[in-house]
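Asker: structure for the following, please:
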Amino acid sequence: MRLEKKISESNYNGVNSKPILCYDIDRNFIGRFSNARRAGESLNIDYKLISGCATKNRNFVSGKYTFFFEDSSQIDIELTSRIQKTTKIGIPFFMIDKFGNKKIYNNIMDVNRDFGINFKNVWMCLDKQRKTAGGYAYVYESEFDGNFEKFFKKETKGFKIKAKSPKEELDFGSLATAAKYFKMKPSTLRKYIEKNKPKNEFYFSMI
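Answerer: You can find the predicted model right below:
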């Protein structure tokens with residue numbers, strides 16, 4: 001037990017033990033954390049991704065948060081640079097309307113300029129965190145399979161949810177009922193369904 005405790009404590013004494021500052025993509029200061037692990041626990045983010053931001057190996061996590069060591073110099077300049085790299089430089093993507101009409105962009109900020117749509121919401125669509133923004137769908141050109149209808153399908157009250165694990169299968173009459181059972185918000189469960197991610201060994205699908 002003593003050895004395990006020392007190993008656990010040592011995990012906070014390396015590079016990740018340095019105080020961490022968090023900002024979002026809109027330049028809002030989110031908070032100060034004693035280290036990357038604490039930041040990860042508070043924001044439900046893998047601390048390794050946070051460390052990647054702090055050591056300048058990545059710009060943002062989840063498309064919205066970025067992190068700096070507290071003793072970093074010129075944070076404001078670096079924050080501006082990261083935002084520009086994330087929102088202004090990228091691979092080609094389609095902006096698609098509900099009729100399947102497409103327009104290609106290389107720059108998220110151009111969508112904001114042309115239509116006034118929040119660039120963060122466009123980014124979240126490209127990152128598969130939401131389906132549409134401003135009435136349009138957004139998907140990388142290399143990932144588009146030609147099926148634009150899936151982005152605009154609205155859920156009806158009649159659909160059901162199936163939760164399947166290696167040990168059991170559960171059926172629920174609605175998204176809200178399934179979300180309540182698994183103690184999460186309906187919007188969170190929707191993300192598990194869209195990304196085919198497991199929760200406590202359960203995979204979810206609409207039936």
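
Asker: only C-alpha atoms for contact and neighbour calcs from this point on.
Answerer: Will do.

Asker: end to end on stretch 101-111, go ahead and measure it.
Answerer: 15 Å (CA to CA, to the nearest Å).

Asker: quick one: it to chain centroid distance?
Answerer: For stretch 101-111, the separation from the chain centroid amounts to 20 Å (computed by CA atoms, centre = their mean, to the nearest Å).

Asker: also stretch 141-156?
Answerer: The answer for stretch 141-156 is 19 Å, by CA atoms, centre = their mean.

Asker: got it, and stretch 61-73?
Answerer: 15 Å.

Asker: kindly report the same for stretch 52-66.
Answerer: That offset, for stretch 52-66, works out to 12 Å (CA atoms, centre = their mean).

Asker: give me the buried stretch members for that stretch, please.
Answerer: 52-54, 58-61, 63-66 (16 or more other CA atoms under 10 Å).

Asker: what is the nearest of those residues to Arg38?
Answerer: Ala54 (13.8 Å; CA to CA).

Asker: what's the farthest-apart pair in the buried residues of stretch 52-66?
Answerer: Applying CA to CA across the buried residues of stretch 52-66, the maximum distance is between Ala54 and Gly63, 15.3 Å.

Asker: got the buried residues for stretch 70-89?
Answerer: For stretch 70-89, by 16+ other CA under 10 Å, it's 70, 79, 82-83, 86-87.
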